[in-house]
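Engineer: Give me coordinates for this.
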Amino acid sequence: MSGPLLSAEELCVERGGRRVLNGFALAAEGSSISALAGPNGAGKSSALKALAGLLPSRGRLQLFGRDLRALSRRERAHMLAYVPQQSLLQSGIAVREVVRQGRYAHDPVWPGRRPQQPAVEHAMRATDVLELRDRHWNELSGGEQRRVLLARALATEAPIILLDEPTSALDVGHALQFLSLLRELANAGRCIVVVLHDLDQVSRYADHCVLLHRGDMVASGPTREVIAPEPVRAVYGVELVPNGALGYRQTGGGA
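Structural biologist: Down below sits the predicted model:
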């Protein structure tokens, strides 16, 4: 379809009687990476969960031009995959079974029948967790669990993937590998929406950026226009230092 695959207009979220997202807007297209950036408490995770239909919200929210809230969970699962910061999964289930969960919307499991394997194996190879397939989930490190969760999302073959701070528990090597994989997925047509703290990662990998502060949108547009001196100064109270990569220095007035 032409136009955004996932869109939001005037999206508002309240949690615990307090508004944490106010008038959020996004038009996420295929073949692109959209980043949600901002300091702690900016509303990034709330925005992502609302986009996934996991938080009650007000405002317009569309998935492939349809009202997301009117779709069944199965319909959403075919079109959208969500990767949380941390999974609530605590059991000793094998990694391969965790990744297979991504196929359940496509391949219902009947007695004696397993979900199809090609998408599962491909997802594990792409995220470098194939060698972990027989390990138990609760034996993995935080970084390994993060890669398994991405593999589960890839196994859905959903055209839209939402990720909440996916590199926060990864070492430098796997973080770069992870972001490069997201770039490859976007180049192949996927729509990626990702929460990132590291502005250097945003600048290097995202096509579009929404900068949030205390639940409000401060800036939205091409990344080079959003991760720029004025918006960054307004939100973080720091100045960008142009030296080929992002660096910072404290401004006189503080944050």
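Engineer: Could you pull up the residues touching Phe24?
Structural biologist: Ala8, Glu10, Leu11, Cys12, Val13, Gly43, Ala47, Ala50, Gly59, Val210, Leu212, Met217 (C-beta atoms under 8 Å, 6 or more residues apart in numbering). Quick note: C-beta positions are derived from backbone N, CA and C, even for glycine.
Engineer: Tell me the secondary structure at the last one.
Structural biologist: The one in question is Met217. Following DSSP: H, G, I helix; E, B strand; the rest coil, Met217 is assigned to strand.
Engineer: That one contacts Val210, correct?
Structural biologist: Yes - taking C-beta atoms under 8 Å as the definition, Met217 is a contact partner of Val210 at 6.1 Å.
Engineer: Among the contacts of Phe24, which ones are in strands?
Structural biologist: Residues of the contacts of Phe24 located in strands (DSSP state E): Ala8, Glu10, Leu11, Cys12, Val13, Gly59, Val210, Leu212, Met217.
Engineer: how many neighbours does the last one have?
Structural biologist: Taking other C-beta atoms under 10 Å as the neighbour definition, Met217 ends up with a count of 21.
Engineer: ditto for the fifth one
Structural biologist: By the criterion of other C-beta under 10 Å, Val13 has 21 neighbours.
Engineer: Distance check, it against Leu21.
Structural biologist: Distance check for Val13 against Leu21: by C-beta to C-beta, to the nearest Å, it reads 4 Å.
Engineer: got it, and the third one?
Structural biologist: Using C-beta to C-beta, one gets 6 Å for the distance from Leu11 to Leu21.
Engineer: Now do the shared contacts for those two.
Structural biologist: Ala47, Ala50, Ser57.
Engineer: Looking at those residues, state which has the most neighbours.
Structural biologist: Going by other C-beta under 10 Å, Ala47 tops the shared contacts of Leu11 and Leu21 with 30 neighbours.
Engineer: just to revisit the earlier point, among the ones in strands among the contacts of Phe24, which one sits closest to Pro118?
Structural biologist: For the ones in strands among the contacts of Phe24, the residue nearest Pro118 by C-beta to C-beta is Ala8; the value is 33.5 Å.
Engineer: Assign a three-state SS to the closest residue to the closest one other than its chain neighbours, would you?
Structural biologist: Excluding the flanking residues, the one nearest Ala8 by C-beta to C-beta, 6 or more residues apart in numbering is Leu26, at 4.8 Å. Recorded secondary structure, Leu26: strand (three-state DSSP).
Engineer: who are the neighbours in contact with Leu26?
Structural biologist: Taking C-beta under 8 Å, 6+ apart, one finds Pro4, Leu6, Ser7, Ala8, Leu11, Ser34, Ala47, Leu51, Val193, Val210, Ser220 in contact with Leu26.
Engineer: do Leu170 as well
Structural biologist: Counted by C-beta under 8 Å, 6+ apart, Leu170 has contacts Gly143, Arg146, Arg147, Phe178.
Engineer: From Gly23, how far off is it?
Structural biologist: 32 Å.
Engineer: Can you name the residues bridging to the closest residue to Ala42 other than its chain neighbours?
Structural biologist: Nearest non-adjacent residue to Ala42, counting by C-beta to C-beta, 6+ apart: Leu212, 4.0 Å away. Counting by DSSP bridges, Leu212 forms beta bridges with Met217.
Engineer: thinking Leu212 is in contact with Ala47, fair?
Structural biologist: Yes - judged on C-beta under 8 Å, Leu212 makes contact with Ala47 at a distance of 6.9 Å.
Engineer: if we can go back for a sec, what about the residue nearest to Ala42, neighbour count?
Structural biologist: 25.
Engineer: How about the contacts made by it?
Structural biologist: Leu212 neighbours (C-beta under 8 Å, 6+ apart): Phe24, Leu36, Ala37, Gly38, Ala42, Gly43, Lys44, Ala47, Val218.
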